[in-house]
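K.L.:
Provided below are the primary sequence and the corresponding predicted coordinates.
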Amino acid sequence: MGRSLLSSLLIAVVAFTAAALQVAPKRPVTDRYGKVKVQDDYRWLENGNDPTVQAWSDSQSAAARSFLDRLPMRPAVLRQVESLTQQPSPSWFNMRHVGGVYFALKNDPPKQQRLLVAMRSLAAPTGERVLVNPNAMDPSGATTIDFYVPSRDGSKVAVSLSKGGTESGTIYVWEVQTGRKLGDEVPRVNGGTAGGSVAWNTDGTGFWRTRYPSPGERPEADRSFFQQIYFHKIGTSPDTDRYVIGKEFPRIAEIQLQSSEDGKWVLADVLNGDGGDHMMWLASQADGAFHQLSTFEDRVVGGGFGRRALYLLSRKNAPNGKVLRFALPGKSLDHATVIVPEGTAGIEWFTPSEDLLYVEEIVGGPSHVRVFSSEGQARGTVPIPDESTVDEAVETGGGGAALIIEQWSAPPKWQTYFPGQKALGPTALVTTAPTSFADMEVRSVSATSKDGTRVPLTILMRKGTRLDGTAPTVIYGYGGYGISQRPGFSPTLRVWLDQGGIYAETHIRGGGEFGDAWHEGGKLTKKQNVFDDFYACARWLVDNHYTSPAHLACRGGSNGGILMGAMITQHPELFRAVVSSVGIYDMLRSEAGPNGQFNITEYGTVKDPAQFAALYAYSPYHHVVRGTHYPAVLFATGSNDPRVDPMHSRKMTAALQAASTSGLPVLLRAEKGTGHIGSPLKARNELTADVFSFLFAELGVEFR
């Protein structure tokens, strides 16, 4: 299709969409924050249950659907996306080795949702059995596995299932040997705000589990808070479950439970919301009574049981992390000893394996794994390839471990390691790429942020791409919660590369690429650093002739939606298009929603004057200015999202549509029956095709 014909069609589509859009009326509400008055023109769009709001959102979605469906390249883009994601090459993740059985969640395309499988060996895939198949339970693809936990002997497995992206999970129990589902049905264990977890007792007759308030126990507005720990006995009604602990926990507690390999101990890792503060509570299964092992101020942020000890990851006076050994039984944290001191790399996690400890570290993005004895003596380094991510490891016996390794150009595969090996050993759990990425080049560069900080930037492109400023380029960022952007394989990146596109991934502050200090440098009142870092990376791409503003787009979601909103409002001239999914935009009203309360420890609160000033200074929704030439924007959200209220996308869409004078589309793709995560494969493919088609159209790519 020629460029002139493509342009004509796009002009027609834009005109159609503009005519179809139902412009939101302004109904101003004024709030006072201390001495500051703030006007909110679209407060009325917050109530998603209001029929008027639903009608407006539906009209926006219909207009967005019409725009996207009329793009001439979309059918071909969708076909290519489906061909890359529906080929029968499975992947396995979230593995556990218990009672001689390996359990794992399995993506098995073209199945819509992941399965729970069990196997006796990693070397022979023929021994794999499917234990839980949500696709058979619910052919619509709406039911997903939130998490699973095997009993200590591997004879039973507890599985949380939720529907429609709600993450409101109910626990069911299966017998592993027979595949028989037991009668237990324990509701309100998992949620989209505080998550959920389970830890089995010694003999598999019951488990500790998280519990949200039941109807009538607290006001409706509090039922996503006050998570506590109860004990459930197999074969009994959940109404008779015994309260254990939690009344003293924070309102925004998020609890992760685990039990020791011998079943004698239970650890409760209690987070104070999402900002990175943890406290640890430990119980002996002999009496079930929890005592506090660490406070938030102790900066212990993770734990795991070894054969004779509890290992703890501490960041107290050690932003890159150090590993402590706490002998069991023990009385207080004072008895813990440092066995892996802080180094130059940030420790992300560790895995005990008999008398050894596998410690994963990060410097800027890629993984590095060192091996130590249970007392801290160095035992070598795992020989993983350069520019790789090791997402998890499980013990295999004899001090060995199986690790899942992923690269930019290679999909994940499980490999084994035993101390002293010079090379990793193979397993049968290997995901094959649906197409070759041999023509892809990976470049690692860095940009200089506003305050002089050097920020890493990874660039993926086809070898030989001309750097004359005309390449269509999309730059991605997140920057929050200490979540690092790591080398990772995406088969659908092939769609972008095949059109001469460049993909850039930023490693900005707010993440954990350089330990906890990198996270702290982009949270609370320092959040503007995140936006400055991302802008510096985007500016670097332009200044070094990889692309130009006319050919540059940015993309992010969730916490990254704040980042996208900041780019729209702070640097609209730098980007031709923006794609923002399930994003947060109104930083003054974010904490009014249930999950917003959990974000206070990351973003701050309007009740604190200094934090309010920082929030108001960058809040994207409050910096939309009438008469500005804003880029083309595609907002995507799901009606059941429990983590980010869709009202953010509605309000930001309305504000931009009223303010922009660029004539470029501002679209709201509000999907019914989906949430933040857990969407079926079909829905994920449809969204991917929409995003690529939107970007191709806006960046002037003649799809071939």
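P.N.:
Happy to help now that I have it.
K.L.:
Quick check: nearest residue in space to residue 92, chain neighbours excluded?
P.N.:
residue 104 (4.3 Å; C-beta to C-beta, 6 or more residues apart in numbering). Any C-beta I mention is one placed from the backbone N, CA and C, and that applies to glycine too.
K.L.:
Tell me if I'm right that the one you found and residue 94 touch.
P.N.:
Yes. Using C-beta atoms under 8 Å, residue 104 makes contact with residue 94 at a distance of 6.4 Å.
K.L.:
neighbour count winner among the two?
P.N.:
residue 104 (24 against 17; other C-beta atoms under 10 Å).
K.L.:
A strand includes the more buried one, no?
P.N.:
Yes. Residue 104: assigned to a strand according to DSSP: H, G, I helix; E, B strand; the rest coil.
K.L.:
can you pull the contacts of it?
P.N.:
Shown in contact with residue 104 (C-beta atoms under 8 Å, 6 or more residues apart in numbering): 92, 93, 94, 95, 96, 116, 117, 119, 429.
K.L.:
can you do 6 Å?
P.N.:
92, 95, 117 (C-beta atoms under 6 Å, 6 or more residues apart in numbering).
K.L.:
gap between the second one and residue 118?
P.N.:
When distance is defined by C-beta to C-beta, to the nearest Å, residue 95 is 11 Å away from residue 118.
K.L.:
ok, now residue 391?
P.N.:
20 Å.
K.L.:
Looking at those two now, which is surrounded by more residues?
P.N.:
Neighbour totals were compared for residue 391 and residue 118, and residue 118 leads with 23 against 17 (other C-beta under 10 Å).
K.L.:
Who wins on neighbours among the contacts of residue 104?
P.N.:
Result: residue 92 is most packed of the contacts of residue 104 (other C-beta under 10 Å), 28 neighbours.
K.L.:
Name the SS class of it, please.
P.N.:
Going by three-state DSSP: residue 92 is strand.
K.L.:
Past the helix or strand of the chain with the lowest mean pLDDT, which element shows up next along the chain?
P.N.:
Every helix and strand of the chain was ranked by mean pLDDT, DSSP states H and E. The lowest is helix 3-20, at a mean of 51. Following helix 3-20 in sequence order, the next helix or strand is strand 29-33 (DSSP states H and E).
K.L.:
Specify the next element, helix or strand, located C-terminal of that next one.
P.N.:
Using DSSP H and E, the helix or strand that follows strand 29-33 towards the C-terminus is strand 36-40.
K.L.:
Identify each buried residue in that next one, please.
P.N.:
38, 40 (16 or more other C-beta atoms under 10 Å).
K.L.:
For that strand, name the packing helices and strands.
P.N.:
strand 29-33 (3 or more C-beta pairs under 6 Å, 6 or more residues apart in numbering; DSSP states H and E).
K.L.:
what is the mean pLDDT for the strand it packs on?
P.N.:
Across strand 29-33, pLDDT averages out at 97.
K.L.:
what about it, distance to the chain center?
P.N.:
Here strand 29-33 is found 33 Å from its chain centre; the criterion is C-alpha atoms, centre = their mean, to the nearest Å.
K.L.:
Compute the inter-axis angle for that strand and strand 36-40.
P.N.:
On the basis of axes from the mean of the first three to the mean of the last three C-alpha atoms, to 10 degrees, strand 29-33 is oriented at 150 degrees to strand 36-40.
K.L.:
got any ranges where the stretch 451-600 of the chain has weak pLDDT?
P.N.:
For the stretch 451-600 of the chain, no stretch is flagged by pLDDT under 70.
K.L.:
And for the chain?
P.N.:
Looking at the chain by pLDDT under 70, you get 1-20, 125, 641, 675-676.
K.L.:
How is it divided into domains?
P.N.:
8-84+442-698, 344-430 (automatic domain parsing).
K.L.:
Same list (those) but as JSON lines, adding distance to residue 313.
P.N.:
Shown next, in JSON lines, are these (distance: least, C-beta to C-beta, whole Å):
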{"stretch": "domain 8-84+442-698", "distance to residue 313": "11"}
{"stretch": "domain 344-430", "distance to residue 313": "6"}
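K.L.:
returning to that earlier point: pairing-wise in the sheet, spell out the partners of the residue nearest to residue 92.
P.N.:
Assessed by DSSP bridges, residue 104 has beta-bridge partners residue 117.
K.L.:
No further queries at this time; thank you.
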